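Student: Predicted model, plus sequence, below.
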Protein chains: 2
Amino acid sequence: MLPGVGVFGTGSTARVLVPLLQAEGFEVHALWGRSEEEACCLAKELGIPFHTSRSDDVLLHQDVDLVCIYIPPSMTKQIAVKALGIGKNVVCEKAATAVDSFKMVTAARYYPQLLSIMGNTLRFLPAFVAMRQRLLEGYIGEIQVCDVRVYGPSLLDQSYGWTCEELMGGGGLHTVGSAIIDLLSYLTGARAHRVHGLLRTFVQQNSLIRGIRRVTSDDFCFFQMLMGGSGSAGVCCTVTLNFNMPGSFVHEVMVVGSTGRLTVRGTELFGQRNGSKDEELLLGDNGWVGPEVKAMPLPHLQGLSSMVKALRQSFQAHEERRSWARGPVAMAPTFEDGLYVQTVVEAVKQSSSSGEWVCVEIMSQEPDPNHNLCEALQRNKN
Amino acid sequence: MLPGVGVFGTGSTARVLVPLLQAEGFEVHALWGRSEEEACCLAKELGIPFHTSRSDDVLLHQDVDLVCIYIPPSMTKQIAVKALGIGKNVVCEKAATAVDSFKMVTAARYYPQLLSIMGNTLRFLPAFVAMRQRLLEGYIGEIQVCDVRVYGPSLLDQSYGWTCEELMGGGGLHTVGSAIIDLLSYLTGARAHRVHGLLRTFVQQNSLIRGIRRVTSDDFCFFQMLMGGSGSAGVCCTVTLNFNMPGSFVHEVMVVGSTGRLTVRGTELFGQRNGSKDEELLLGDNGWVGPEVKAMPLPHLQGLSSMVKALRQSFQAHEERRSWARGPVAMAPTFEDGLYVQTVVEAVKQSSSSGEWVCVEIMSQEPDPNHNLCEALQRNKN
């Protein structure tokens, strides 16, 4: 039986997600927005019976068993942790910091019977599912290089907000790079152990953001990840994100191996073995029939749609509306994956400012909030 | 009047160059090969009356006024410097080291009346000439990012040789990266001041290179260059070279600016301004009618062809067969450009081994060959 859903957020993803959920038979009972007005407006538009600007009203709503959190990164942790504490299943977007991600991991570990997955994913896109399958089957031999490029128009909101602020989780690296980092670890089956990066904000002001306000989040980001073992034999990943290219959208993921390569362009999978002269189409575009969304590139849109389908299968398997089967969502990124991704994002930022390669070290215990204070006291003592 | 030409080299470039020279009306009088046999064989094939394996026989040949040097990088400096000393005009490929390049610069400065240009160039390719023109006209506004990728099959020769040896000037960075580094400084009008790179040799042995022999030259190279001023406002260039992709050839140079972008794919130029929805073809492929050469990608082949045409125009302008006009070859890379390129190549290699950003510092005086000795003596004294 499908669980009742509560949705947090009124942004472009929430706006897409709700119809996708409804199309799969989920009932969306409650919507939370930052202001009563935003919530009311979108609830009316999407036919959601209840709306609120108080998070508890959704979390404690008796018909809500699954909470989908698509809100600014800085607010995600608080809602996600609370939702798990109340016993709700959670699908959510990334948090703003590794510390927040770690707190989410702790909560998820504490409630292993609850579903807790990262919901902004490319893993579910059929082209990437097929790519991974081919990789496992040895289509390209040993993986050598992954080369990713995403080019598109500006990610900034119309008005000044978190998308402009690096510290609030804005920018190409955080928004789009996260999904790529997750995808590459899914495809290669390995994690980055060292990263190097360069971030730039080419457009610091525009017609809407001006005066004393400046954009601090990156609109160009380029990073490399060395995956797997610490030897030189590991996989090299290079990722180029450029969001100063209005009018175009390029989303290309290429994996090069010892005997061939696989490329996903947009939502299609192509392959070429070293012997053959031409590329072959391995998985075509199955013709997207859902809504076209200007703000969301097709790979993300279709990935989201496939994830919702997987959620349906996961819950459908059980009678009880809070129970779910692990199988259909087994490939979804867990909160642990979310922590890994966030750690890589922060390592890339650190590399960009220091100019050096940075080791990816996953947090294993929460940093002491009094650490800085202690250090200051220590210094004073000497 | 066109000068008589002497050609050094029997490799794929020399094999292409001679017919191009002949087609433009140059008479190729002499050919040098490393062995008498190689020289004899190719001379017969290309209809060159004289061949030798002794360099002086070409350099001192009375009908030779222009010397074209397309030989392994480690031998280039010696021939080029000697040719200038004897009073011959020189077109040559890159040297193996910055020290060699510096010696060539010194020689070129000493004989300013002689032509001395780097002959492995993409600058002459009509698509890049047109791209530069558009950049100067402000088609894309302020340049932000250059993104280059070259993918192709292995660069290794059939048998073990300099192409396998990093120290001999082999590898993707040295062979193909050089031309890209030169091109980007031509397009942006700026030079790299800091670089970061990563080199890999994924294929260290193959069916022909085995046993105790290993390839040390890179088959994957990825580097970034920060161009122009030292502030954060400069142009970022990212270059990806991958020569583990048999059966494909990708040669793409994209320049992204504040109001649009320009892309050369293969030999065609495309542009897109920020306002417009689609890319426009700015310069199509004019239909290459020369020979198809398997070992040489079309952009390099056409670039070489255009350079030979420019050489013809340069020499044709004068009656005396050693005199030449600066105009037609003004855009050719000088030996100083060659030194810059070589310096960047070495900085990228250094960065790859240290993992750090490396400043590009052009040599201004020859390093003292006794430097190490002096240091050793110094140490012993203390």
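Tutor: Everything's here; your move.

Student: element containing the residue in the stretch 51-200 of chain A that chain B sits nearest to?
Tutor: Residue nearest to chain B within the stretch 51-200 of chain A: A:Gln144 (4.8 Å; C-beta to the nearest C-beta). For the C-beta atoms, the positions are set from N, CA and C on the backbone; glycine is no exception. When elements are assigned from DSSP states H and E, A:Gln144 belongs to strand A:143-151.

Student: Restrict that strand to CA atoms and write it as PDB.
Tutor: Taking C-alpha atoms only, strand A:143-151 is exported to PDB below (Å, rounded to 0.1, in the frame of the first residue of the first chain):
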ATOM      1  CA  ILE A 143      38.000   1.800 -16.500                       C
ATOM      2  CA  GLN A 144      40.700   4.500 -17.000                       C
ATOM      3  CA  VAL A 145      39.100   7.900 -17.300                       C
ATOM      4  CA  CYS A 146      35.700   9.400 -16.700                       C
ATOM      5  CA  ASP A 147      35.100  12.700 -18.400                       C
ATOM      6  CA  VAL A 148      32.000  14.700 -17.500                       C
ATOM      7  CA  ARG A 149      30.800  18.000 -18.800                       C
ATOM      8  CA  VAL A 150      27.600  19.900 -17.900                       C
ATOM      9  CA  TYR A 151      27.100  23.200 -19.700                       C
END
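
Student: other SSEs contacting it?
Tutor: Counting contacts by 3 or more C-beta pairs under 8 Å, 6 or more residues apart in numbering or on different chains; DSSP states H and E, strand A:143-151 packs against helix A:178-188, strand A:236-242, strand A:250-257, strand B:236-242.

Student: now the helices: where do they sit in chain A?
Tutor: Secondary structure of chain A (DSSP state H): helices at A:12-23, A:36-46, A:55-59, A:73-86, A:98-110, A:126-137, A:172, A:178-188, A:298-316, A:335-354, A:371-381.

Student: how much space between the residue nearest to A:Leu283 when sequence neighbours are not counted and A:Tyr110?
Tutor: Nearest in space to A:Leu283, with sequence neighbours left out and distances taken as C-beta to C-beta, 6 or more residues apart in numbering or on different chains, is A:Leu269 at 3.9 Å. Counting by C-beta to C-beta, to the nearest Å, the gap from A:Leu269 to A:Tyr110 is 39 Å.

Student: Settle it for me: which of the two has more neighbours?
Tutor: Applying other C-beta atoms under 10 Å in any protein chain shown to A:Leu269 and A:Tyr110 shows that A:Leu269 carries more neighbours, namely 25 against 11.

Student: just to revisit the earlier point, could the helices and strands packed on strand A:143-151 go into CSV alongside mean neighbour count?
Tutor: CSV is the format used below for the helices and strands packed on strand A:143-151 (neighbours: other C-beta atoms under 10 Å in any protein chain shown):
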stretch, mean neighbour count
helix A:178-188, 23
strand A:236-242, 24
strand A:250-257, 21
strand B:236-242, 24
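
Student: Point out where chain A drops to low pLDDT.
Tutor: Within chain A, the segments meeting pLDDT under 70 span A:158, A:229-233, A:289-295, A:369-382.

Student: interface residues of it facing chain B?
Tutor: The interface of chain A toward chain B, taken as C-beta under 8 Å from any C-beta of the partner chain, is made up of A:144-145, A:147, A:149, A:196, A:198, A:200, A:202-203, A:220, A:222, A:224, A:232, A:236, A:238, A:240, A:242, A:244-248, A:256, A:258, A:261, A:272, A:274-279, A:355-357.

Student: Which of these fall within strands?
Tutor: Judged by DSSP state E, the residues of chain A next to chain B include A:144-145, A:147, A:149, A:196, A:198, A:200, A:220, A:222, A:224, A:236, A:238, A:240, A:242, A:256, A:261, A:272 as members of strands.

Student: count of residues packed around A:Arg326?
Tutor: 10.

Student: ok, it - contacts?
Tutor: A:Arg326 makes contact with A:Ser314, according to C-beta atoms under 8 Å, 6 or more residues apart in numbering or on different chains.

Student: And it, how far from chain B?
Tutor: Using C-beta to the nearest C-beta, to the nearest Å, we find A:Arg326 at a distance of 37 Å from chain B.

Student: quick one: the spatially most central residue of chain A and A:Leu84, what's the gap?
Tutor: Chain A has A:Asn120 as the residue nearest its centroid, 3.7 Å off, counting by C-alpha atoms, centre = their mean. Separation of A:Asn120 from A:Leu84 (C-beta to C-beta) stands at 18 Å.
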